[in-house]
Every structure is written in structure tokens, then in C-alpha cells.
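J.: generate a structure from the sequence data that follows.
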Amino acid sequence: MANKATFTSDEWKRLLEGVMMAGIAVTAAEPSGLWGTLKESLSSAQALAAGKTGSSELVKALVADLETSEGLGIAREGLKEQLKGHKVAEIRNKSVDALRQVAALLETKAPQDASAVKTWLLGISQSAAEASKEGGFLGFGGVQVSDAEKATLTDIKSALKV
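T.: Reported below is the predicted structural model:
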């Protein structure tokens, strides 16, 4: 089983960023205003934390590291570096590309854990997509998952190869 020691510090940083990018990609696909963005962020965080109870030791290691100020700081700084100055549509695309890189890294360095981690990442994205209705007015109408979010989920599935 793979763990943090399996990866270089740069590779681990990329994995931590990828966890965050899973939710960001969907949020950037169709920004939902302040309330919707908060709901999507909270839902992503809950799906991330649910990884603690999974069977993959690598997922548990990623969650444990993101629960520390050091691990969270590494992920945040990496996100700032990658996403600074980009428009929302570009952030969506950069997030999907980051997930593609994470999938390749997992398949190379942790093939026995790759499927579990990629499924978990997709679950984070799915949770963000389902967290807030899109296109409604004051909570009425709208759809649970917009076409833009569905397209992003399809792109994420392709990027992760799940």
C-alpha cells in the first residue's frame, strides 16, 4: 500500500492540490453566488473528510495531511500559484488538467491505490455538484446539477479514467 513516503515532496504537494481541485473544478464550472459557493465548499469538505473511513490507506494519509495546518498550507499555496490571475473558465480547465496529472501520478507510483483515490476524488466533485441548485431564484426552481457541472463531471471522469 502506498503512503506519503511513496511520493516525493513535489508529488505529494500535487496530490494535496488535486484533492482541492476536485471541488474547485465543479464550483468554477458554474459559479453559484456566495451562498451556493459556500454550500459547494462545505459539501466538498465533507466528502473529503469521509475519506477517513475508507479502506485506502493513501486516501486516509491525504485526509490526515490536509487536516494539519502544514498540509493545508501546502495545498493552499500550491493552488494560489496555479490559479492566480486566471478567469473562472480557466480555473475549471486548470483543475481538470491537475486531476489528469494526479491520475497519471497515481497510476505510476501507486497503482494498487489509484482506483480508490480516483473514485474518492470523483466523489468530492459529485458532492460539490449536488450541493446547490443552479439557475433558480431565491431557492426556487433551478436544477440540482447544471449542464455545465454535468460536463465538468464528465471531463473529471475522463481525466481520472474512472
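
J.: what about the helices in this protein?
T.: According to DSSP state H, the chain carries its helices in the segments 9-29, 33-49, 57-66, 69-83, 88-109, 111-130, 147-160.

J.: only the buried residues of the second one, if you could.
T.: Put plainly, it is helix 33-49. 36-37, 39-40, 43-45, 47-48 (16 or more other CB atoms under 10 Å). Any C-beta I mention is one placed from the backbone N, CA and C, and that applies to glycine too.

J.: and the nearest residue to Ser127 once chain neighbours are set aside, what's its pLDDT?
T.: On the basis of CB to CB, 6 or more residues apart in numbering, the spatially nearest residue to Ser127 that is not a chain neighbour turns out to be Ala47, at 3.8 Å. Ala47 is assigned a predicted lDDT (pLDDT) of 89.

J.: just use 43 as the starting number from now, easier for me
T.: Will do, 43 is the new start, and the previous item becomes Ala89.

J.: isn't Ala89 up against Gly165?
T.: Yes. Because the distance of 5.4 Å satisfies CB atoms under 8 Å, Ala89 is recorded as touching Gly165.

J.: returning to that earlier point: now the residue nearest to Ser169: how far from Trp54?
T.: Ala89 is 21 Å from Trp54, where distance means CB to CB, to the nearest Å.

J.: outside of stretch 156-163, which residues touch it?
T.: The set of residues that contact stretch 156-163 without belonging to it, under CB atoms under 8 Å, 6 or more residues apart in numbering, is 60-61, 64, 93, 96-98, 100-101, 104, 141, 144-145, 148-149, 152, 198, 202-204.

J.: equivalent analysis for stretch 127-142, please.
T.: When contacts are defined by CB under 8 Å, 6+ apart, stretch 127-142 is touched by residues 56, 59-60, 63-64, 66-67, 70-71, 73, 124-125, 163, 194, 197-198, 201-202.

J.: again, only this time at 6 Å
T.: Identification of contacts with stretch 127-142 by CB atoms under 6 Å, 6 or more residues apart in numbering yields 60, 63, 66-67, 70-71, 73, 125, 197-198, 201-202.

J.: could I have the CA atoms of stretch 92-107 written out in PDB?
T.: Taking C-alpha atoms only, stretch 92-107 is exported to PDB below (Å, rounded to 0.1, in the frame of the first residue of the first chain):
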ATOM      1  CA  ALA A  92     -15.400  11.000   4.500                       C
ATOM      2  CA  GLY A  93     -12.200   9.500   3.100                       C
ATOM      3  CA  LYS A  94     -11.000   8.900   6.700                       C
ATOM      4  CA  THR A  95     -13.400   6.000   7.000                       C
ATOM      5  CA  GLY A  96     -12.500   4.400   3.600                       C
ATOM      6  CA  SER A  97     -10.300   1.400   3.100                       C
ATOM      7  CA  SER A  98      -7.500   3.100   1.200                       C
ATOM      8  CA  GLU A  99      -4.500   4.000   3.400                       C
ATOM      9  CA  LEU A 100      -3.400   6.500   0.800                       C
ATOM     10  CA  VAL A 101      -6.800   8.400   1.000                       C
ATOM     11  CA  LYS A 102      -6.500   8.300   4.800                       C
ATOM     12  CA  ALA A 103      -3.000   9.700   4.600                       C
ATOM     13  CA  LEU A 104      -4.100  12.500   2.300                       C
ATOM     14  CA  VAL A 105      -7.000  13.400   4.600                       C
ATOM     15  CA  ALA A 106      -4.800  13.300   7.600                       C
ATOM     16  CA  ASP A 107      -2.300  15.700   6.000                       C
END
